[in-house]
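**Q** coordinates only, sequence not included:
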């Protein structure tokens, strides 16, 4: 009864345009007030306990570090390095776009940040060189989902904080799936090069590759610092964020691109972004606690068991649900909303929690690329000056190849778990 009332209030508030964080929080509080069986003192306790996590400190640190590193022509240097590596392939700047997103993912940890930074740099260049604009924005939007898959990842920090899973292990588990999704897109761009209108660059010489690598090296050092430090046990993922910020500050001052004004501006922007995430997380904790208290995860698991006992089918149903949720709800909000419900179901069916987490994150991200909302595509279209409707047709083949990549990740767990096993001994007795 109380859960049905809460969802009804939630839907009404969303229909009136209330932001999702407040819609979740208000509907949860209203439902508890109407029910009357839970003292109101529980509400601040639930919110505080959901936010009282050392791991969550990594979020503002990674946001701040990414902003600092995007100074002094870092994005431009990454683009030039990617161009020297793959610009000669069929698809030219389309291939460069994807490889740039792979590298930039090691800095930003956010799909929106990846889309904005890479799109603002490459979309004008692709337009000048005759690329069809609708294809260019689709490539940029699709490649931006690599940001939260390849570490560091804000979504993985959230997932680990909510479930108690090792954030370092999640980081490692995302590398190969991210590269698989990137490879799928690069193959598609190679095949569709003529339709995209993509010229090729001459193959870069080794000295040219070396020179471009030297310029991009400061950006390439950051993911090495983060992953290397975590693997070696020198610091935790949160402490890695501190190191990344320190490195970003040193880089900015060394290149004389950083002044106190920008530092304050980036710190404030990171604080505001983090605050919005934590407001969503606090509200969602109440929402999810009511759902769990009513036994909804167990009821869903029981329904799935009555429907099928085949784990592969259950995983497919879960992924389809995630895709639909990701279509309509912003990625971070969607993840915070579904993890407390779906993680226990995954445990019930014996899915490896690390593998299940990566599948969940990739599915939600793919939903964010899927119409009718497709927030990442909307952002790319805005940057590229393309009508949203015109991008629908070229989007279809990208959704198809990314779906194939997701299926591979779903049903071949070793793609996700091999690197954590080798590097960290994950799952060893």
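**A** Yep, that arrived. Bear in mind that the values here come from a model prediction, so they are computed numbers and not experimental data.

**Q** what sits against residue 271?
**A** Contact partners of residue 271, counting by CB atoms under 8 Å, 6 or more residues apart in numbering, are residue 60. Heads up, the C-betas are built off the backbone N, CA and C, glycines and all.

**Q** pLDDT at it, what is it?
**A** Model confidence at residue 271, given as pLDDT, is 84.

**Q** can you check residue 171 too?
**A** Confidence score, pLDDT, at residue 171: 92.

**Q** grab the nearest non-local neighbour of it.
**A** Residue nearest to residue 171 in three dimensions, not counting chain neighbours: residue 151, with 3.5 Å by CB to CB, 6 or more residues apart in numbering.

**Q** now residue 324
**A** Using CB to CB, 6+ apart and skipping residues adjacent in sequence, the residue nearest residue 324 is residue 367, 6.9 Å away.

**Q** same question, residue 418
**A** Leaving aside its chain neighbours, residue 418 sits nearest to residue 176 (6.8 Å; criterion: CB to CB, 6+ apart).

**Q** helices or strands up against the helix or strand containing that neighbour?
**A** Element membership of residue 176 [criterion: DSSP states H and E] is helix 167-191. Packing partners of helix 167-191 (3 or more CB pairs under 8 Å, 6 or more residues apart in numbering; DSSP states H and E): helix 93-108, helix 133-144, helix 154-163, helix 206-232, helix 237-254, helix 353-367, helix 392-411, helix 414-424.

**Q** list the buried residues for that helix?
**A** Buried residues in helix 167-191, counting neighbours by 16 or more other CB atoms under 10 Å, are found at 167-182, 184-186, 188-189.

**Q** what does the closest residue to residue 311 other than its chain neighbours show for phi and psi?
**A** Residue nearest to residue 311 in three dimensions, not counting chain neighbours: residue 349, with 5.1 Å by CB to CB, 6+ apart. Dihedral angles of residue 349 (phi, psi; degrees, to the nearest 10) stand at phi -90, psi 0.

**Q** low-confidence ranges, the stretch 1-150 of the chain, go.
**A** Within the stretch 1-150 of the chain, the segments meeting pLDDT under 70 span 1, 70-73.

**Q** same check on the stretch 251-400 of the chain?
**A** Of all residues in the stretch 251-400 of the chain, none has pLDDT under 70.

**Q** report how many residues lie close to residue 99.
**A** Look at residue 99: counted by other CB atoms under 10 Å, it has 23 neighbours.

**Q** contacting residues for it?
**A** 82, 85, 86, 182, 186.

**Q** enumerate every residue touching the nearest residue to residue 103 once chain neighbours are set aside.
**A** In space, and not counting its chain neighbours, residue 103 is closest to residue 78: 5.0 Å by CB to CB, 6+ apart. The contact partners of residue 78, taken as CB under 8 Å, 6+ apart, are 100, 103, 104, 216, 219.

**Q** give the buried residues for the strand or helix carrying residue 78.
**A** Taking DSSP H and E as the definition, residue 78 sits inside helix 74-86. Neighbour counts over helix 74-86 (16+ other CB under 10 Å) mark 74, 75, 77, 78, 79, 80, 81, 82, 83, 84, 85, 86 as buried.

**Q** can you pick the most crowded of the contacts of residue 78?
**A** Comparing these on neighbour count, residue 104 comes out first with 32 neighbours (neighbours: other CB under 10 Å).

**Q** quick revisit: the residue nearest to residue 171 in helix, strand or coil?
**A** coil (DSSP: H, G, I helix; E, B strand; the rest coil).
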